[in-house]
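3D, please:
(one chain, ligands or ions: 1)
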Amino acid sequence: MHKIRAKIMEVKKILENFSHPTLQKNLIELGAVKTCEIVDQHLIIKLVMPFAWQIAFEELKSALTPQLLKLTNVKEVKWHIEYNIATLKRANNQHAINNIKNIIAISSGKGGVGKSSTAVNIALALQKQGASVGILDADIYGPSIPTMLGTEKQQPLTPDNKHMTPIMAYGLASNSIGYLVDSDGAMVWRGPMASKALLQILQDTFWPELDYLVIDMPPGTGDIQLTLAQSIPVTAAVIVTTPQDIALIDAKKGITMFTKVNIPTLGIIENMSYHICENCGHHEAIFGEGGAKRLSEQYHTTLLGQIPLHKILRQDLDTGKPTVINHPESEFTQIYCQIAGRIASELYWQGQAILPDISFKAL
Ligand SMILES: Nc1ncnc2c1ncn2[C@@H]1O[C@H](COP(=O)(O)OP(=O)(O)OP(=O)(O)O)[C@@H](O)[C@H]1O
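Alright, predicted model coming up:
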């Protein structure tokens, strides 16, 4: 008995020493190890994590299993993970939206940098990391999420003539201005009414319980974006840019806009970082190199990841099956999942966990 206890202590020491870019405290300090025992020659380790962590969990298993087998002499190490995603304090102490723990605004200073493509793939990657996720398309200038999810012909039902049921696609709960108005009708939203209308869509959707709601914000840093950012109970923002100088100048304006309204910027995603030739796989930095990294250093924020420019990414979105779904084993999905893991962990470490019953106060 005494010997087993000593072994378990050693196992915990090994878990304690595991370091990973997504961990600012080790697993023991974080209180994530809920079970660590030897039963019938099996070492059972059960973790409960407060943020989406699946990729890092796979890395943990392959890094530690051989060492733990050698130490304990058991037949097998049985790893389990569950998620109890923390609700984090919202910017400006805004009231929560019913059923939604955390809201991540995906924004860009400039149009056409791939903000919506990134938002939809990141939402799916967060889901793949163990979280329940929704996406709200708030891009009033060109709502593209329905096309990217292959749901453009659907419309949310209104069971009580007030609320809408979100459209489900690949496990994601989605709502978009694009489901509600046709492309000409979208013009109506381009006024001061836009942020009010969007807030209403956000509040009047019957969201299932969501750990993260990703919001695809309208591009730019004008009045509409500013009002919108202020009226939505956002946890934090992420900025998408390309390495091109002009996009970087606008990304700076994006960071400044969020700072002005006291919304923390989690970091920057550089899209179209380099082109991968579909024939020979050659990498070419067609929009320049190192821009987002310099920007993140200058503004003391994180470069969350770099996504290449590749034909597959566009084709998958055009056919309504984002790459994370259509090419789950690809290097692109791996990149999106790494970025999603970074976003979830940065959100947790930069934020402040609050009790869900406080955040679920009525509006
Ligand atoms: N990394 C990439 N590789 C290949 N194609 C991409 C990539 N990122 C985006 N695209 C393509 O570029 C086009 C613009 O992307 P997207 O609609 O996501 O941009 P956006 O910034 O949301 O635009 P807007 O400002 O108009 O809302 C789309 O056709 C998309 O499929």
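
Spit out the contact partners of the residue most central in space within the chain.
Residue closest to the mean C-alpha point of the chain, counted by CA atoms, centre = their mean, is residue 340 at 4.6 Å. Each residue near residue 340 by CB atoms under 8 Å, 6 or more residues apart in numbering is listed here: 52, 122, 125-126, 128-129. Backbone N, C-alpha and C define where each C-beta goes, glycine included.

Tell me the residues of the stretch 201-350 of the chain that contact the ligand?
The stretch 201-350 of the chain has residues 219, 271-272, 307, 309-310, 313-314, 317 near the ligand, with proximity defined as CB under 6 Å from any ligand atom.

which ones among the contacts of residue 340 are found in strands?
Using DSSP state E, no member of the contacts of residue 340 sits in strands.

TSV please, covering these and showing neighbour count, pLDDT and distance to residue 16.
Formatted as TSV, those follow (neighbours: other CB atoms under 10 Å; pLDDT from 0 to 100; distance: CB to CB, whole Å):
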residue	neighbour count	pLDDT	distance to residue 16
52	30	96	22
122	30	98	31
125	28	98	28
126	30	98	27
128	22	95	28
129	26	91	23
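
just the buried members of the residues of the stretch 201-350 of the chain next to the ligand?
219, 271-272, 307, 309-310, 313, 317 (16 or more other CB atoms under 10 Å).

For residue 110, give its distance to residue 227.
19 Å (CB to CB, to the nearest Å).

Please say which of the two ends up with more neighbours.
Each of residue 110 and residue 227 had its neighbours counted (other CB atoms under 10 Å), and the higher figure belongs to residue 110 (21 against 17).

so which helix or strand takes in the closest residue to that one other than its chain neighbours?
Counting by CB to CB, 6 or more residues apart in numbering, residue 250 is the residue found nearest to residue 110 once chain neighbours are left out, at 3.9 Å. Per DSSP states H and E, residue 250 falls inside helix 245-260.

could you say what helices and strands the helix or strand that that helix is followed by packs with?
Counting by DSSP H and E, the next helix or strand C-terminal to helix 245-260 is strand 265-276. Under the contact definition 3 or more CB pairs under 8 Å, 6 or more residues apart in numbering; DSSP states H and E, strand 265-276 sits against helix 115-128, strand 236-241, helix 245-260, strand 283-284, helix 291-298, strand 302-309, helix 331-350.

How many residues are close by the closest residue to residue 128 other than its chain neighbours?
What sits nearest to residue 128 in space, not counting adjacent residues and going by CB to CB, 6+ apart, is residue 337, at 5.9 Å. Residue 337 has 24 neighbouring residues, counting by other CB under 10 Å.

quick one on the thing from earlier: so which of the contacts of residue 340 would you say is closest to the ligand?
Of all the contacts of residue 340, the ligand sits closest to residue 122, with 11.4 Å by CB to the nearest ligand atom.

Which residue is the nearest non-sequential neighbour of the closest one?
Here the residue nearest residue 122, using CB to CB, 6+ apart, is residue 340, at 5.4 Å.

What are the structural domain limits within the chain?
For the chain, automatic domain parsing gives the domain ranges 2-83, 88-359.

and the helix or strand containing residue 80, how far out from the chain's middle?
Assigned by DSSP H and E, residue 80 belongs to strand 76-83. Strand 76-83 sits 23 Å away from the centroid of its parent chain (CA atoms, centre = their mean, to the nearest Å).
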